[in-house]
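In: task: produce atomic coordinates for the following.
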Amino acid sequence: MMGSGGGEKNPGGDASLGDVDDDREYEAGGFDAIVPAYVKGSGEALRAARNLEPGTRLLRVAPLAAIPYAAELSTICGSCFQRCDDVDSRACERCGVARLCSRCAAGPALEQHNHECHALSRLRDGDSGLTLQHNDLRLLLRLLSVRRQWLTTSSKTMTQDVNVEINTTAAAAVGVVAAETSSSRNPAAEAAAEAGDVIVDDYDAVLELMSGLEGGDDGNLPDAAVATLYEVAKQAKYLVAPQLRASVDEYVALLGRLQLNGFEMTSATATATATESELHAPPRGGEADGEGIGKARRKRKKGNEPGEEQGVGGHRPIGIGVFPSAARFNHSCAPNAHQSFDAHGCVTVDTVRRVKKGEELTIPYVDTRLSGQERRAKLRKNFAFECACVRCLAEQ
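Out: This next block holds a predicted model:
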């Protein structure tokens, strides 16, 4: 669900090669089963580069910014999402909230936490009625910390470009340094890369995501939802560390991007109570614990309260995050792909049936077991579009 330069909400949901504008030129990436495309009536999308079998891995993306739910803060590393009982970890002595594994505590993740520490202390104490279950504020703080590191690194890179003349060999070396720097700004990336191929987005990728504020390709959140984002942004103004501050309008735009493009993260393994038929993808957006983007998104999965072990498909909800490259997938209530999360907090997307070359690749943004009326209501409220996929049209 991106604006220009990425995927966006897909009212139609299901497109074949005939619906794709192939006049655009794209370069193939490392995950060669997919190619970006432009679908008439829906905008940016992803389609199959060739005929695909069920279970084909389409993407694996590290989180650009992600936070554990409040109930998970003491059980998983707040950066790489490794379980604390599997790795050495320690809690912050100042706020007593954040916990980092020894690996992340020795790297850029510690700087990220230092930017957030005072705000987390205030949320812990319920200052001004705000709590650690205000996931929107915590995720915004994390994203602003990523932004700060990106701006600092970009400034250093620009200075080097102005003052240093490099030859072709040196330029190649600079490319390697840039890749390593990008990985270091995302604390989960290094560990995730050791487990397999992974896409590591940079902060500027989040700026391509639709915010729901400008209409057209940027999406169109209802006025009431935008008003709620402004309320949250005003609260954030008094929580953000001096080094991270931006304008209220910038906070609102980021909150809009997080609302329309966020993923609820779930545990890598399902609970023993899950049946085979229940092992399907988690929905987009945070629903399980506390409050999502703004007070208007205070919702939980049916039958679940924060901290319960049962989640969608038996995978326990553990947090929320933004994964810009994975946000390119449009929605369908009868998707041909699904998302899941591995032990490193990376989102993986795999096909669930045979897909023909040129067919649009889609994932579910909501629980597909819900009735058509319930699905459309959730999509309308959380993602600001009316679903007109094949399944919804057939059910009307």
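In: find the nearest non-adjacent residue to Ala192, please.
Out: Leaving aside its sequence neighbours, Ala192 sits nearest to His344 (C-beta to C-beta, 6 or more residues apart in numbering; 4.1 Å). Placement of C-beta: from N, CA and C, glycine included.
In: quick one: contacts for that neighbour?
Out: Applying C-beta atoms under 8 Å, 6 or more residues apart in numbering to His344 gives the contacts 62, 80-82, 188, 191-192, 195.
In: burial measure for Tyr38, as a count.
Out: Counted with other C-beta atoms under 10 Å, residues neighbouring Tyr38 total 16.
In: helix, strand or coil for the residue nearest to Ala192?
Out: Following DSSP: H, G, I helix; E, B strand; the rest coil, we place His344 in the coil state.
In: ranges for the helices of the stretch 151-300 of the chain?
Out: For the stretch 151-300 of the chain, helices defined by DSSP state H, counting those that start in this stretch occupy the ranges 168-185, 189-194, 203-206, 223-237, 248-261.
In: could you tell me how far the residue nearest to Ala192 is located from Arg354?
Out: 29 Å (C-beta to C-beta, to the nearest Å).
In: one more: Phe81?
Out: Distance from Phe81 to Arg354, counting by C-beta to C-beta: 32 Å.
In: more neighbours: which of those two?
Out: Neighbours per residue (other C-beta under 10 Å) separate Phe81 from Arg354, with Phe81 holding more: 29 against 13.
In: pretty sure the more buried one is in a strand, no?
Out: No: Phe81 is assigned coil when assessed by three-state DSSP, not a strand.
In: kindly provide the distance from it to Ser332.
Out: Per C-beta to C-beta, Phe81 is found 28 Å from Ser332.
In: ramachandran angles for the residue nearest to Ala192?
Out: Main-chain dihedrals, His344, degrees, to the nearest 10: phi -100, psi 10.
In: thinking again about what came up before, and the contacts of His344, which two are furthest apart?
Out: Ala62 and Gln82 (13.3 Å; C-beta to C-beta).
In: of those two, who's got more company?
Out: Using other C-beta under 10 Å as the criterion, Ala62 and Gln82 rank with Ala62 on top: 27 against 20.
In: OK, contacts around the more buried one?
Out: Ala62 touches 186, 188-189, 192-193, 198-201, 323, 344-346, counting by C-beta under 8 Å, 6+ apart.
In: separation between the residue nearest the centre of the chain and Val61?
Out: The C-alpha lying nearest the average C-alpha coordinate of the chain belongs to Val322 (C-alpha atoms, centre = their mean; 1.9 Å). Val322 sits 10 Å away from Val61 when distances are taken as C-beta to C-beta.
In: which residues of the stretch 201-350 of the chain score low on pLDDT?
Out: Along the stretch 201-350 of the chain, segments meeting pLDDT under 70 span 271-313.
In: number of nearby residues for the closest residue to Thr269 other than its chain neighbours?
Out: Leaving aside its chain neighbours, Thr269 sits nearest to His315 (7.5 Å; criterion: C-beta to C-beta, 6+ apart). By other C-beta under 10 Å, the residues close to His315 number 24.
In: in the stretch 251-396 of the chain, which spans are strands?
Out: 262-266, 317-322, 330-331, 337-341, 347-351, 362-363 (DSSP state E, counting those that start in this stretch).
In: distance to Ala70 for the ones you listed - can I get that in JSON lines?
Out: Formatted as JSON lines, the strands of the stretch 251-396 of the chain follow (distance: least, C-beta to C-beta, whole Å):
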{"stretch": "strand 262-266", "distance to Ala70": "14"}
{"stretch": "strand 317-322", "distance to Ala70": "10"}
{"stretch": "strand 330-331", "distance to Ala70": "28"}
{"stretch": "strand 337-341", "distance to Ala70": "18"}
{"stretch": "strand 347-351", "distance to Ala70": "21"}
{"stretch": "strand 362-363", "distance to Ala70": "27"}
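In: out of those strands, flag the one nearest Gln149.
Out: The closest of those to Gln149 is strand 317-322. By C-beta to C-beta, the value is 15.3 Å.
In: what lines up beside the closest one in the sheet?
Out: strand 65-68 (antiparallel), strand 262-266 (antiparallel) (DSSP bridges).
In: tilt between it and strand 347-351?
Out: On the basis of axes from the mean of the first three to the mean of the last three C-alpha atoms, to 10 degrees, strand 317-322 is oriented at 90 degrees to strand 347-351.
In: distance from strand 317-322 to the middle of the chain?
Out: Centroid displacement of strand 317-322 relative to its chain, using C-alpha atoms, centre = their mean, to the nearest Å, is 8 Å.
In: with stretch 93-100 instead?
Out: 24 Å.
In: same check, this time on stretch 112-121
Out: 21 Å.
In: now stretch 349-356
Out: Mean-position distance between stretch 349-356 and its chain equals 21 Å (C-alpha atoms, centre = their mean).
In: so which bits of that stretch are buried?
Out: For stretch 349-356, a neighbour-count test (16 or more other C-beta atoms under 10 Å) marks 349-352, 355 as buried.
In: check the residues you listed and tell me the two furthest apart.
Out: Spanning the widest gap among those are Val349 and Val355, at 12.0 Å by C-beta to C-beta.
In: if anything else comes up later, I'll come back, but that's it for now.
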